[in-house]
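A.B. asks: My questions are about this predicted structure, shown below with the sequence.
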Amino acid sequence: MFDRNSPTRKSIACGVQYVVRGWNDLFENSQSRKVKNLAWVSIPNKHDGKSFRRLIQMPNGAALYCAWVLILQVASKCPTRGVLADGDGPLDADDLAAKTGCPAELFEQAFQVLSSGRIGWLDAEAIDATDSEVGARSPDHYQHAPRPRHCFIAEGN
């Protein structure tokens, strides 16, 4: 366990870490499992599923799907593939915008839509942890875990 009052502890009062649901089953294959640092990601080409159809029919559906593909690409390069976190902690919309050049506002909307019960492609894990614990769980842990509420990372110590 960690000491919540430690002066060296980064203050994450309540944050959100996004995890791609079903990462190992849907976005990894025998070739990707052999590679430590991916330069590509395997994406299913099924366009008749309920979640895809619900997403693409939204007013901003095509842009949200673009954000989804960018999220997958970034997640494929994270230390724990499928978990949107790096050594500094969870990645947020601003981080994804900086990495991809796509507007942060689109990623904010994508996080809400893709983690909703109607789409369910992302899981949002509420965290209260030290830097070393963020992103430590395997994406398999999240596949059947209940979806926690959204909350925000506290600034400061």
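C.D. replies: Cool, got the structure. Here the structure is a predicted model, which means the values were calculated and not measured.
A.B. asks: Any idea how far apart the tips of stretch 77-84 sit?
C.D. replies: Terminal residues of stretch 77-84 are spaced 9 Å apart (C-alpha to C-alpha, to the nearest Å).
A.B. asks: 19 is where my numbering starts, stick with that
C.D. replies: OK, 19 is where the count begins now, so the last one is stretch 95-102.
A.B. asks: Name the residues of that stretch that are buried.
C.D. replies: 96, 98-102 (16 or more other C-beta atoms under 10 Å). Yep, even glycine has a C-beta here, placed from its N, CA and C like the rest.
A.B. asks: Run a quick neighbour tally on the nearest residue to residue 108 once chain neighbours are set aside.
C.D. replies: In space, and not counting its chain neighbours, residue 108 is closest to residue 35: 4.1 Å by C-beta to C-beta, 6 or more residues apart in numbering. Other residues lying near residue 35 total 24 when counted by other C-beta atoms under 10 Å.
A.B. asks: can you tell me how far residue 59 sits from residue 44?
C.D. replies: 10 Å (C-beta to C-beta, to the nearest Å).
A.B. asks: Settle it for me: which of those two has more neighbours?
C.D. replies: Neighbours were counted for residue 59 and for residue 44 using other C-beta under 10 Å; residue 59 has more, 19 against 16.
A.B. asks: Would it be right to say that the more buried one lies in a helix?
C.D. replies: No. With DSSP: H, G, I helix; E, B strand; the rest coil as the criterion, residue 59 is coil rather than part of a helix.
A.B. asks: and the residue nearest to residue 108, what does it touch?
C.D. replies: Residue 35 makes contact with 101-103, 107-108, 142-143, 145, 152-153, according to C-beta atoms under 8 Å, 6 or more residues apart in numbering.
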